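Participant: For reference, the sequence and a predicted model appear below.
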Amino acid sequence: MMQHTALHTQAAAPVAAPAYASSLADLKGRIRSTRVQASLAVNRELVLLYWQIGREILQQRATQAWGSKVLEQLAKDLKAEFPEMRGWSLTNLKYMALFAKAWPEGLIGQQAADQLPWAHNCLLIDKVKDRPTREWYIRKTIEQGWSRSVLELQIETQAHTRFGAAQSNFSSTLPASDSDLAQGLLKDPYTFDFLALTEATNERSIERGLVGQMRQFLVELGVGFAFVGNQYRLEVEGDEFFIDLLFYHVRLHRYVVIELKNTEFKPEYVGKLNFYLAAVDDLVRDPAVDGPTIGLVLCKSKKGAVAQYALRDMGTPMGVSTYRTALPDAVTDLLPSVQVLTETMDSLSSSNPNPQQHKGSQP
């Protein structure tokens, strides 16, 4: 093994000098001592190891003028020494350096980047440039259990500007211990892009779409929400009433009533919601276990002052937020138009007028 290592070190001599051999030997020792395997990619020790390698690269770049050629050689040497491990590509080494630069003081502290899988950290390096926002996403990922794809979606939809942004009267209707938690759970706006609905869609279609894709809906709502039912039936003195969506929040120990409106917010909506909250409190809630029910009006749009006045003197905890069902303009602009898609399909059809002729010809 010593001879094998020496050969690789000799190959790097034109760009590295003896300091490289020393650094390479040190890095090999750290890697070997951690006994990290590729299957443990979510392990804290691996992330810490990558940070140490990144810090070494930064230090050697500053003192020994390490450049791309040296990193290429380092990647080859580490692959040769640890062939059973993944992660020694030139690209990943560059991510390690960026990771160490992002957390120059180390990984022990509030940011908790070492609790995220490496792929999550690479995504944050790519997509989130300022540190406070990056720390916010780290905390939320740990709290909400976001996968990499969900984290990417939350970044793209700027979740850090939406969490806690709904208007509510929680500060005056909930105990302080619950008020902040409840406020932090609500977003404005909610993004239901996964429904792929048109602007003309009515409330019932949106409701059916949300129920039909409950997994994505719960991801957007956030951790802690448990679905109880839609068009949940209540009977009051022989009259039937139906709640659009009823949830239970396991951390707040409260039912959550959601009313969908495909219009701009109107003050009378809180009156109807207040009725539902009172009915759920009396007919569904267990006072020995559950706190007073919380309500949320989800509207197509709202005027802040109107919502503020409507909520101000209500004695039950409720909020007002908005939602969107269409893709953002920035994304829509990148999609081909219907005309372009039609022309493309026509072109494909004319180039292969008899598609059945080749059916089954694939090996």
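Facilitator: Nice, I can see it.

Participant: distance between the ends of stretch 301-319?
Facilitator: End-to-end distance for stretch 301-319: 14 Å, by Cα to Cα, to the nearest Å.

Participant: Centre of the chain to that stretch, how far?
Facilitator: Stretch 301-319 has its C-alpha centroid displaced from the chain centroid by 28 Å (Cα atoms, centre = their mean, to the nearest Å).

Participant: residues in contact with that stretch?
Facilitator: 166-170, 173-174, 182-183, 186, 264-267, 269-270, 273-274, 277-278, 292-297, 320-322 (Cβ atoms under 8 Å, 6 or more residues apart in numbering). In this view, the C-beta of every residue, glycine as well, is placed from N, C-alpha and C.

Participant: quick one: buried residues of that stretch?
Facilitator: The neighbour-count criterion (16 or more other Cβ atoms under 10 Å) identifies 302, 307, 310, 311, 314, 316, 317, 318, 319 as the buried residues of stretch 301-319.

Participant: contacting residues around the nearest residue to residue 179 once chain neighbours are set aside?
Facilitator: Once flanking residues are discounted, residue 179 sits nearest to residue 170: 4.5 Å by Cβ to Cβ, 6 or more residues apart in numbering. Each residue near residue 170 by Cβ under 8 Å, 6+ apart is listed here: 178, 179, 182, 183, 317, 319.

Participant: of these, closest to residue 129?
Facilitator: residue 183 (27.3 Å; Cβ to Cβ).

Participant: on that earlier part again, and the residue nearest to residue 179, how far is that from residue 120?
Facilitator: Separation of residue 170 from residue 120 (Cβ to Cβ, to the nearest Å) stands at 31 Å.

Participant: And what about residue 86, helix, strand or coil?
Facilitator: With DSSP: H, G, I helix; E, B strand; the rest coil as the basis, the three-state label of residue 86 is coil.

Participant: Per-residue confidence, it, what does it come out as?
Facilitator: The model reports residue 86 with a pLDDT of 86.

Participant: Tell me who's in contact with residue 90.
Facilitator: Counting by Cβ under 8 Å, 6+ apart, the residues that residue 90 touches are 68, 71, 72, 75.

Participant: May I ask which of those has the most neighbours?
Facilitator: Greatest neighbour count in those, by other Cβ atoms under 10 Å, goes to residue 71: 20 neighbours.

Participant: Where does pLDDT dip in the stretch 101-250 of the chain?
Facilitator: For the stretch 101-250 of the chain, residues meeting the criterion pLDDT under 70 lie at 107-111, 196-201.

Participant: returning to that earlier point: which among the contacts of residue 170 gets closest to residue 54?
Facilitator: residue 183 (37.4 Å).

Participant: quick one: buried residues of the host helix or strand of that closest one?
Facilitator: Residue 183 is located in helix 176-185, with elements delineated by DSSP states H and E. Buried residues in helix 176-185, counted by 16+ other Cβ under 10 Å: 178, 179, 182, 183, 185.

Participant: picking that back up, and the contacts of stretch 301-319, which of them are in strands?
Facilitator: Those of the contacts of stretch 301-319 mapping onto strands are 167, 168, 264, 294, 295, 296, 297, 320, 321, 322, per DSSP state E.
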